[in-house]
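Novice: A predicted structure for the sequence below; I have some questions about it.
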There are 2 protein chains.
Amino acid sequence: MATTPRSRRDRPAKPALSREAIVAAALEIAAEEGVEAVTMRRLAQALDTGPASLYVYVAGREALEELMLETAAGEVEVEETDPERWREQLHSLLERMGRMMSERYPGMAKLGMARIPVGDNVMRITESMLSLLKAGGASDQAAAYAGDILSMYVGAIAYEQSLYAQPADDPEAIGAEHERIHRAFVAADPGRYPTVAALGPAMVRGDGHERFRLGIDVIINGLIATPMDGRLSEPPAALGDEEVWPPDAPKG
Amino acid sequence: MATTPRSRRDRPAKPALSREAIVAAALEIAAEEGVEAVTMRRLAQALDTGPASLYVYVAGREALEELMLETAAGEVEVEETDPERWREQLHSLLERMGRMMSERYPGMAKLGMARIPVGDNVMRITESMLSLLKAGGASDQAAAYAGDILSMYVGAIAYEQSLYAQPADDPEAIGAEHERIHRAFVAADPGRYPTVAALGPAMVRGDGHERFRLGIDVIINGLIATPMDGRLSEPPAALGDEEVWPPDAPKG
DNA sequence: ACCTGAACACCGTTCAAGT
DNA sequence: ACCTGAACACCGTTCAAGT
């Protein structure tokens, strides 16, 4: 009387095809092999179907990437803002974002930078970030800026981390990459690059975690130290918008 | 007596295949159609040969990208440091970098973020950046940091700019994208996202150029306002390096 | 020695044909 | 109505075969 139980032992209950199931399968592949490994064909294969079937539920690869990012963002924990601990809460929120985009789902940072995501789960994180900055006493303008800059910062760091972790098949290659960079900066030609050579040790010093935290403090302190009032109301330079970079938004 | 002049009128002197010619052709395609349009096959076609021929001169796609970035970096002008104008010189250097990576060669920013480049032309730019920061009175440690953060910042902005410019075929799509983001922030649900809703106007205000300059000032001022001495000498957290993110460099 | 045609193992996306 | 096999137009890379 039950539905035909033909070889259901392999997968403990193959889920019916649906948008959610597709995104879940995509994230599973991303978690195990990185976002790069998620292709429409590979994903279809994991779902025991052909690539064409996916297009019934997602418009295409780009739409799938947006769904993956938005769903993954839902896994990032968000604390209620405690005004007394705003800075530490902000540090740890950014750390969780970074972990999600490079440890949990290697390569996810790329998707975060490729578009400005505005889904509910991402908005939840943005809300928390802005709330923490306001708790820290930032002006509206400064807090709005911090959202931009801090997101870029954590995205860039996470992206870089993914690159180190990606070719993890060959642990020797990671060491070689490090060696290459180390040599370039510490052993830079003092004739052509005197400042690089002088600062070489300073550029290589310090572990990743402390550098990350320091970068965040630099941005936070910079926001506090930089007067913003009025700056953004200034009219653009007189001679046409094409002269400046980045240009103004099109259409105004 | 001259070499056979068979149909040399089409191209005003087809250059012989060489590493330089290949990179030059790749950059020409990148300038006209963006870095994304540069594929081994498309490039081979532009050089009147088959894709296999390219592998005699460049190891593969990744190596080609490195060569493109390094060669393009050579086009970024670098001024001699004038200590009295360090801040303005830094602003304009970063602007030229951003223009190169998004206007001149759309999509180049992606290549800059995908690896840490250490070629001569890139080092020239790094040297100038560090020299300007030292002229501004930054400590060695602070200047070394600024190199990292400012490079990330300009790369992230340039990447974002490329995305707006990329689907320029459809100018209406750009407006729609702007509309989408504008609505998400300005018209955010005040119930779920009170801070986003309150700050919405501040997040959208201001033209690109002024935002860019402001971001740079934030980072510079933050470097000045953040004490670094000692922070990077601290030993890592006690309980194993896997507990922190980003992790320490492998192998030490 | 230098070059490359043809093949291999992949992509994303579409659409006519099936159930 | 829902699904998909097979095809289309691409990729990067390799290698045996040509000059």
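Specialist: The structure has been received and is ready for your questions.
Novice: quick check: the residue of chain A nearest chain B.
Specialist: Closest approach between chain A and chain B, counting by CB to the nearest CB: residue A:222, at 2.5 Å. For every residue, glycine as well, the C-beta is placed using N, CA and C.
Novice: hmm, residue B:223 and that residue touching each other?
Specialist: Yes - if you go by CB atoms under 8 Å, residue A:222 and residue B:223 touch, sitting 7.3 Å apart.
Novice: tell me which helix or strand the residue in the stretch 51-200 of chain A positioned nearest to DNA strand D sits in.
Specialist: Of all residues in the stretch 51-200 of chain A, residue A:52 sits closest to DNA strand D, at 2.8 Å by CB to the nearest atom of the strand. Of the helices and strands defined by DSSP states H and E, residue A:52 is found in helix A:51-54.
Novice: what of residue A:201?
Specialist: helix A:194-204.
Novice: near DNA strand D, which residues of the stretch 51-200 of chain A?
Specialist: When proximity is defined by CB under 7 Å from any atom of the strand, the stretch 51-200 of chain A lies next to DNA strand D at A:51-53, A:55-56.
Novice: out of those, flag the one nearest to residue A:126.
Specialist: residue A:55 (30.7 Å; CB to CB).
Novice: return the distance of that closest one relative to residue B:115.
Specialist: Distance, residue A:55 to residue B:115, by CB to CB, to the nearest Å: 34 Å.
Novice: quick revisit: next, count neighbours for the residue of the stretch 51-200 of chain A closest to DNA strand D.
Specialist: 9 (other CB atoms under 10 Å in any protein chain shown).
Novice: residue A:109 too?
Specialist: Quick note: residue A:109 (other CB under 10 Å) scores 27 neighbours.
Novice: where do the helices sit along the stretch 1-150 of chain A?
Specialist: In the stretch 1-150 of chain A, the helices defined using DSSP state H, counting those that start in this stretch lie at A:19-33, A:40-46, A:51-54, A:61-73, A:86-99, A:108-114, A:120-135, A:140-165.
Novice: TSV for those helices, including mean pLDDT and distance to residue B:62?
Specialist: Converted to TSV, the helices of the stretch 1-150 of chain A look like this (pLDDT from 0 to 100; distance: least, CB to CB, whole Å):
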stretch	mean pLDDT	distance to residue B:62
helix A:19-33	95	19
helix A:40-46	95	21
helix A:51-54	94	27
helix A:61-73	96	22
helix A:86-99	96	25
helix A:108-114	89	16
helix A:120-135	95	31
helix A:140-165	85	12
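Novice: can these go into TSV with extra columns for distance to residue B:18?
Specialist: Formatted as TSV, these follow (distance: least, CB to CB, whole Å):
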stretch	distance to residue B:18
helix A:19-33	38
helix A:40-46	37
helix A:51-54	40
helix A:61-73	36
helix A:86-99	43
helix A:108-114	33
helix A:120-135	47
helix A:140-165	30
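Novice: tell me who's in contact with residue A:52.
Specialist: residue A:44 (CB atoms under 8 Å, 6 or more residues apart in numbering or on different chains).
Novice: ok, so what distance separates it from DNA strand C?
Specialist: From residue A:52 over to DNA strand C the distance is 3 Å, taken as CB to the nearest atom of the strand, to the nearest Å.
Novice: now do residue A:189
Specialist: 30 Å.
Novice: residues near the closest residue to that residue other than its chain neighbours, how many?
Specialist: Among residues not flanking residue A:189 along the chain, residue A:197 sits closest, at 6.9 Å (CB to CB, 6 or more residues apart in numbering or on different chains). Using other CB under 10 Å, residue A:197 has 18 other residues around it.
Novice: again with the one 5 residues further on
Specialist: Per other CB under 10 Å, the neighbour tally for residue A:202 reads 21.
Novice: picking that back up, how about the helix holding residue A:52, which residues are buried there?
Specialist: Using 16 or more other CB atoms under 10 Å in any protein chain shown as the burial criterion, the residues of helix A:51-54 that qualify are residue A:54.
Novice: gap between the residue of chain A closest to chain B and DNA strand D?
Specialist: 40 Å.
Novice: just give the nearest non-adjacent residue to that residue, would you?
Specialist: residue B:222 (2.5 Å).
Novice: quick one, what contacts that neighbour?
Specialist: Residue B:222 sits in contact with A:217-223, A:225-226, where contact means CB under 8 Å, 6+ apart.
Novice: let's see 10 Å
Specialist: With contact set as CB atoms under 10 Å, 6 or more residues apart in numbering or on different chains, residue B:222 has these partners: A:149, A:215-226, B:142, B:145-146, B:149.
Novice: ok, how many other residues are close to residue A:214?
Specialist: Residues lying near residue A:214 (other CB under 10 Å) number 20.
Novice: can you check residue A:187 too?
Specialist: 10.
Novice: phi, psi of it?
Specialist: phi -110, psi 30 (degrees, to the nearest 10).
Novice: from residue A:212, how far off is the closest residue to it other than its chain neighbours?
Specialist: Using CB to CB, 6+ apart and skipping residues adjacent in sequence, the residue nearest residue A:187 is residue A:200, 7.3 Å away. Per CB to CB, residue A:200 is found 21 Å from residue A:212.
Novice: just residue A:17 next, same as before
Specialist: Residue A:17 sits 40 Å away from residue A:212 when distances are taken as CB to CB.
Novice: so those two - more neighbours on which side?
Specialist: Set side by side, residue A:17 and residue A:212 show more neighbours around residue A:212, with 23 against 17, by other CB under 10 Å.
Novice: wait, isn't residue A:80 in contact with residue A:89?
Specialist: Yes - with contacts counted by CB atoms under 10 Å, residue A:80 reaches residue A:89, the gap being 9.1 Å.
Novice: what touches both of these two?
Specialist: With CB under 10 Å, 6+ apart, residue A:80 and residue A:89 have common neighbours A:128, A:131.
Novice: neighbour-wise, which of those two wins?
Specialist: residue A:89 (22 against 7).
Novice: show the contacting residues for that one.
Specialist: So residue A:89 contacts A:78-83, A:128-129, A:131-132, A:135-136 (CB under 10 Å, 6+ apart).
Novice: surely residue A:139 meets residue A:130?
Specialist: No - counting by CB under 10 Å, residue A:130 is not a contact partner of residue A:139; they are 11.8 Å apart.
Novice: in stretch A:191-211, what counts as buried?
Specialist: Using 16+ other CB under 10 Å as the test for burial, stretch A:191-211 gives A:193, A:195-200, A:202-204, A:206-211.
Novice: out of these, what pair is the most spread apart?
Specialist: A:193 and A:209 (28.3 Å).
Novice: contacts only, for residue A:157.
Specialist: A:94, A:97-98, A:101-102, A:109, A:208, A:211-212, A:215-216, B:148-149, B:152, B:245-246.
Novice: switch the cut-off to 8 Å
Specialist: A:98, A:102, A:212, A:215, B:152, B:246.
Novice: any idea which of the residues you listed is closest to residue B:178?
Specialist: residue B:152 (24.3 Å).
Novice: doesn't residue A:151 make contact with that closest one?
Specialist: No - Residue B:152 is not in contact with residue A:151 according to CB under 8 Å; the separation is 11.6 Å.
Novice: wait, which of the helices of the stretch 1-150 of chain A is closest to residue B:180?
Specialist: Across those (criterion: CB to CB), the nearest stretch is helix A:61-73, sitting at 11.6 Å.
Novice: just the buried residues of the closest one, please?
Specialist: So, applying 16+ other CB under 10 Å, buried residues of helix A:61-73: A:64-73.
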